[in-house]
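Student: Build me a structure from this.
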Amino acid sequence: MPTDLHLLETTVREAGAIARKYFGGSYKTWNKAGQPVTDADIEVNAFLHTHLRSARPNFGWLSEETEDVPAQRASECTFIVDPIDGTTAFVKGRPHFSISVAVVRDGQPTSGIVFNPITEECFTAARGEGATLNGTPIHASDRVQVEGCRMLGAKDVFAHPAWNAPPNRPWPPMHIETRSSIAYRMALVASGAFDAALFLSAKHDWDVAAGDLIVREAGGVVTHHDGTPPRYNGKETLQPSMVCAGPNLHPLLLERLQHLKLPRRG
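Tutor: Prediction:
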């Protein structure tokens, strides 16, 4: 039997061909809870569900595009899936989306993949085995200061005047970019292409579970803004915040963030 990671990679790469078929073409788009959904989201989700569950029928299932039935994920291991993470970019024809899948056991991801089918960047990790990009080992950056760091996040968040009011501190100059896909941002931190990614609004498990494992296996650190580690596939499938960075930069970010009182839901 193939390992979970081998199963994820072969299946997700095949699902990437479905996304490429739709990308830049004509398809149906609608809104769900204020977020765009496309034919591609639904077809990729169905493909992943069919092939992953047939290979691991005893695994649970949690996906952005499948109704969450707690009984369906009350298993020892659960697939946590975002068929198109970054649908907004997909709709706009921007190659900043990904397919993100993790296997979670006892609240922690054990295998994960984040695949950008347009750039063909395939980030993978298995617990205790390190992280790779297209088969080559990757490592989070060793940056030691916030000023000048390469940050993935929304520029308006860092420029908000509330940071000027103590105990907050204004952010120093940084190179700030963003990507629609949360999972892709985390994978880019794992690869060292960026030093950190910061999310101060709640994210669903399917946004971050695979990226979490990939970052940690690349030597990075992932916590909530108060320093607590995330757990997945619980009663709630929301994470209140995420701080994702290399091991030296992460504690410096927490110094600026851990006092914040954030709403539980995004």
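
Student: ranges for the helices of the stretch 151-266 of the chain?
Tutor: 155-158, 182-190, 205-217, 249-257 (DSSP state H, counting those that start in this stretch).

Student: CSV please, covering these and showing mean neighbour count, distance to S26 and mean pLDDT.
Tutor: Backbone N, C-alpha and C define where each C-beta goes, glycine included. Below are the helices of the stretch 151-266 of the chain laid out as CSV (neighbours: other Cβ atoms under 10 Å; distance: least, Cβ to Cβ, whole Å; pLDDT from 0 to 100):
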stretch, mean neighbour count, distance to S26, mean pLDDT
helix 155-158, 13, 33, 94
helix 182-190, 30, 24, 98
helix 205-217, 29, 27, 98
helix 249-257, 18, 42, 98
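
Student: For D85, which of those helices is the nearest?
Tutor: D85 lies closest to helix 182-190 among the helices of the stretch 151-266 of the chain, at 4.7 Å (Cβ to Cβ).

Student: quick revisit: so for P117, which of the helices of the stretch 151-266 of the chain sits nearest?
Tutor: Per Cβ to Cβ, nearest to P117 of the helices of the stretch 151-266 of the chain: helix 182-190, 11.2 Å.

Student: Return the angle between stretch directions for the closest one and helix 205-217.
Tutor: For helix 182-190 against helix 205-217, the angle by axes from the mean of the first three to the mean of the last three Cα atoms, to 10 degrees is 10 degrees.

Student: now for helix 182-190, which elements pack on it?
Tutor: Helices and strands touching helix 182-190, by 3 or more Cβ pairs under 8 Å, 6 or more residues apart in numbering; DSSP states H and E, are strand 77-85, strand 98-105, strand 108-116, strand 121-126, strand 150-152, strand 196-199, helix 205-217, strand 242-245.

Student: What mean pLDDT does the second one get?
Tutor: Think strand 98-105. Mean pLDDT, computed over strand 98-105, is 98.

Student: what's the answer for the fourth one, then?
Tutor: Mean pLDDT, computed over strand 121-126, is 98.

Student: strands paired with whatever helix or strand comes next after it, and their directions?
Tutor: The helix or strand immediately downstream of strand 121-126 is strand 131-133, counting by DSSP states H and E. Sheet pairing for strand 131-133, assigned by DSSP bridges, gives strand 121-126 (antiparallel), strand 136-137 (antiparallel).

Student: ok, now which ones touch D82?
Tutor: Residues counted as contacts of D82 (Cβ atoms under 8 Å, 6 or more residues apart in numbering) are 63-64, 98-101, 183, 204, 206-207.

Student: Return the most buried member of the strands paired with strand 131-133.
Tutor: strand 121-126 (a mean of 24; mean count of other Cβ atoms under 10 Å).

Student: quick one: it to chain centroid distance?
Tutor: 12 Å (Cα atoms, centre = their mean, to the nearest Å).

Student: relative to strand 108-116, how tilted is that strand?
Tutor: 170 degrees.

Student: Run through who's touching strand 121-126.
Tutor: 3-5, 8-9, 12-13, 110-116, 131-134, 138, 187, 190-191, 213-214, 216-218.
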